[in-house]
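Participant: with the input below, show me the fold.
(2 chains)
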Amino acid sequence: MISEQAIWIVAGCMFAALTLSIAGIPAYLRRDALIGDALSHSIFPGVVLSVWLFGAGNSVALYITGTGMGAMALLLIHYIQQKTIIPKDGAIGIILIVFFSAGLLMMGQLQRSGIPLWGVQHVLLGKAATILPSDVAFLIGLFSLSAALFFVFQKWIWLQAFDPKFAQLSGIPLRPYSIAISLWTAFVLTATVHILGAILSAAMLLTPSAIGHFIRPKPSSFIRIALLSCLISAIGAGFVSATLPAMSTGALMVIMLFGIAAPIFLFYPKKGIAMKSWARQQESNRWKEENALKFMFNSPSSILPIEHHKAAKRCSKMGLAVEAEPLHWNLTPEGKTKAERIVRKHRLWETYLHQQLSISKDRVHENAEWIEHMLDDEFEDRIAAELKHPKLDPHASPIPPKNA
Amino acid sequence: MSLLIVLTALMFMVQAALGGSILVLRRSVMLTDAMAHSVLPGLVIGYLISGSRSGPEVLLFAGISSFLAAFLIEKLSQFGGVWFEVSTGFVFTSLFAFGILLVTALGGNIDLDPDCILYGELLYVPFRYSTSGTWYDLLPIPMWNQIWVGLAWIWFALSKWKQLKCWAFDEDFSRATQIPVAGLRRWTLGLTSMTIVVGFDAFGAILVLGFFILPASTAWLLAKKWGSMLSIAAIQGFLSVGIGYAMAFQFDLEPGPCMVCVSGLLFGIVAVVQHIRNPKSGFRPTH
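Facilitator: Numbers count the residues shown, from 1 in each chain, chains lettered A, B, ... in the order given. This next block holds a predicted model:
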């Protein structure tokens, strides 16, 4: 039986994550992917400050100091980038570490003076187990508000993400909007950081957008995928943490997101790393097989050189060649047809380069070595027609006729 | 006692100045942040295997997981077409979450206190000796760790001095002149992960990260040559350790964060003074 508390925890984590992933989209599109990391560390002194000055549990003070610190950090990052030679990642690193250590310094002082630190430690690692129904109501409100704001201000978000120069030229003031978006991100982080912790919040800001953008670069579908993956990970994490209550829900959620992202990054058709390398491997195998067949066709009675052995074995599996006696390979009828096609493409291309482009005989071979693997059947016919179906190539070797 | 602490810190400063200068110039300094966070799963696994919080197994696994993070980040952005920053953020947060999951899954059975990871055990450095009965007992263990890693850095820097200099300032030129850029990068990241791990053990995450980023950035503002950049970074590091330690002692603060704040303050002063003296010094062509 799932306890009522577990449901609140899952609901709270879900809405916190959704809010964060919406807030992460503009930053992601501006290629400020690490700004979430910087912000979630730099609101820490703000949190400590609010506990120090106004006591634990004063959320209005917490939002003001946290957002203020986040804004200050962003401003300083911007300033360092603009006024010194330090590039963006250096500026982010500097501000992140200095703000975070300032927070730690203050926290140490608080600990010494005996002020209760309730809530401050949760910024570091998160504490989803303390979510109350009132928190969930607040998070639902926050989520609805960010979704509404996002759709109202969509236009400016796209504009500042994709073409700030255009906006500048057409006299659209982008600055207030970028500042407002940054402030909103800082505020959302301050309001949710105690649930997931600094690092996991940064993950929630970034990873859904990364998944969405990997699958569909187009903004409207990319947001849908981002929110969907966020939702799936939250529900999955909810089920696991309902059965294993000791596990941290936030960490489970990030791991679930990783579980969604990693297979996509690896195996997504045409874009995944493994798929791309598999396709490359197939292509390179095809080239090698064609080269082996060509060698067997051109010098039928000689020993097959070592570099063609692997490819020749693959050809024999496909029924294109047989090893008649050790190291001597013969083409099967199908293999012969295939080899003739490759040789035909090679010699046609050489003839084309020589006749039509007046490239000297000794320079056409190298290029034809490439083109023979890539020439389309249609182009082959057109070239042959253009050259009036030649019988000999520039080196006076016969061009095999095209057979069905 | 405090002499040993300061000596260990100085030994660390040399490594951080070297590694930090290279990574700051190569615009990969957020990699150290990522690597430092990714240490967590390695720490937990090492702890599970050895049962102690700072045995050699812990250092080994922590080193492996931080190097793994750097490796995955590079490969994902290189072959997956994911932006470098995105792959940095994605990989380290995932590894960190995995570490947290391990910690919480083990419940109360694990004695990995986040304070210790953040602050390290700087004040215990003089008390952690080995008990093998050989010459290895003469110095504290964290000090030996620092010496070995420091020597590895110095050997690397001296044997590849010119190539490193060239690569740090101009990657494209180095590629064109057939300097083995990939190898240099792998070595730098490997040594960086060793520095991070032994630094974690002695000083905690904050100090390690701070001293990779801040002294080297200050030096970049001031220096015009590779050699002077390294020495300015090391001197900035020494100064912040000295001032920070004195301040922490005087005002009863946490020494680690205090040193980082001093270092950040020094960076700020240099940046502001430079900007006032020559307001155009910072402007540069965009990359």
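Participant: who are the neighbours in contact with A:Gln168?
Facilitator: Listed by CB atoms under 8 Å, 6 or more residues apart in numbering or on different chains, the contact partners of A:Gln168 are A:Leu174. Glycine gets a C-beta too; all of them are placed from N, C-alpha and C.
Participant: and A:Ser360, by the same measure?
Facilitator: Applying CB under 8 Å, 6+ apart to A:Ser360 gives the contacts A:His354.
Participant: against A:Ile25, how distant is it?
Facilitator: Distance check for A:Ser360 against A:Ile25: by CB to CB, to the nearest Å, it reads 57 Å.
Participant: and after the helix or strand bottoming out on mean pLDDT in chain B, which helix or strand comes next?
Facilitator: In chain B, no helix or strand scores lower on mean pLDDT, DSSP states H and E than helix B:114-119, which sits at a mean of 61. Remark: after helix B:114-119, the chain's next helix or strand is helix B:141-159, criterion DSSP states H and E.
Participant: by contact count, what packs against whichever helix or strand comes after that next one?
Facilitator: Sequence order places helix B:161-169 as the next helix or strand after helix B:141-159, per DSSP H and E. Contact partners of helix B:161-169 among helices and strands, from 3 or more CB pairs under 8 Å, 6 or more residues apart in numbering or on different chains; DSSP states H and E: helix B:2-25, helix B:171-176, helix B:181-203, helix B:226-251.
Participant: can you give me the buried ones in helix B:161-169?
Facilitator: For helix B:161-169, the neighbour count (16 or more other CB atoms under 10 Å in any protein chain shown) marks B:163-168 as buried.
Participant: could you do stretch A:364-384 as well?
Facilitator: A:364, A:368, A:371-373, A:375, A:380, A:383-384.
Participant: make a markdown table out of those and add secondary structure, distance to A:Lys313 and pLDDT.
Facilitator: What follows is these, written out as a markdown table (DSSP: H, G, I helix; E, B strand; the rest coil; distance: CB to CB, whole Å; pLDDT from 0 to 100):
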| residue | secondary structure | distance to A:Lys313 | pLDDT |
| --- | --- | --- | --- |
| A:Val364 | helix | 32 | 89 |
| A:Ala368 | helix | 26 | 90 |
| A:Ile371 | helix | 26 | 90 |
| A:Glu372 | helix | 22 | 90 |
| A:His373 | helix | 20 | 91 |
| A:Leu375 | coil | 26 | 87 |
| A:Glu380 | helix | 28 | 88 |
| A:Ile383 | helix | 33 | 89 |
| A:Ala384 | helix | 33 | 90 |
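Participant: out of these, what pair is the most spread apart?
Facilitator: For the buried residues of stretch A:364-384, the maximum inter-member distance is 17.9 Å, found between A:His373 and A:Ala384 (CB to CB).
Participant: what is the end-to-end distance of stretch A:353-362?
Facilitator: 11 Å (CA to CA, to the nearest Å).
Participant: now do the buried residues in it.
Facilitator: A:353-354.
Participant: what residues does the stretch 51-200 of chain A have near chain B?
Facilitator: Proximity of the stretch 51-200 of chain A to chain B (CB under 8 Å from any CB of the partner chain) is limited to residues A:80, A:82-87, A:89-90, A:92-94, A:96-98, A:100-102, A:104-105, A:108-109, A:112, A:121, A:124-125, A:197, A:199-200.
Participant: out of those, which end up buried?
Facilitator: A:80, A:83-87, A:89-90, A:92-94, A:96-98, A:100-102, A:104-105, A:108-109, A:124-125, A:197, A:199-200.
Participant: quick one: contacts for B:Val14?
Facilitator: B:150, B:153-154, B:234.
Participant: ok, 7 Å please
Facilitator: Residues near B:Val14 by CB atoms under 7 Å, 6 or more residues apart in numbering or on different chains: B:150, B:234.
Participant: distance check, it against B:Gly199.
Facilitator: 12 Å.
Participant: and for A:Ile260?
Facilitator: 34 Å.
Participant: of the two, which one has the most company?
Facilitator: B:Gly199 (27 against 20; other CB atoms under 10 Å in any protein chain shown).
Participant: please identify which helix or strand holds the residue nearest to the more buried one when sequence neighbours are not counted.
Facilitator: What sits nearest to B:Gly199 in space, not counting adjacent residues and going by CB to CB, 6 or more residues apart in numbering or on different chains, is B:Val208, at 3.9 Å. Using DSSP H and E, B:Val208 sits in helix B:205-222.
Participant: I appreciate the help and will end here.
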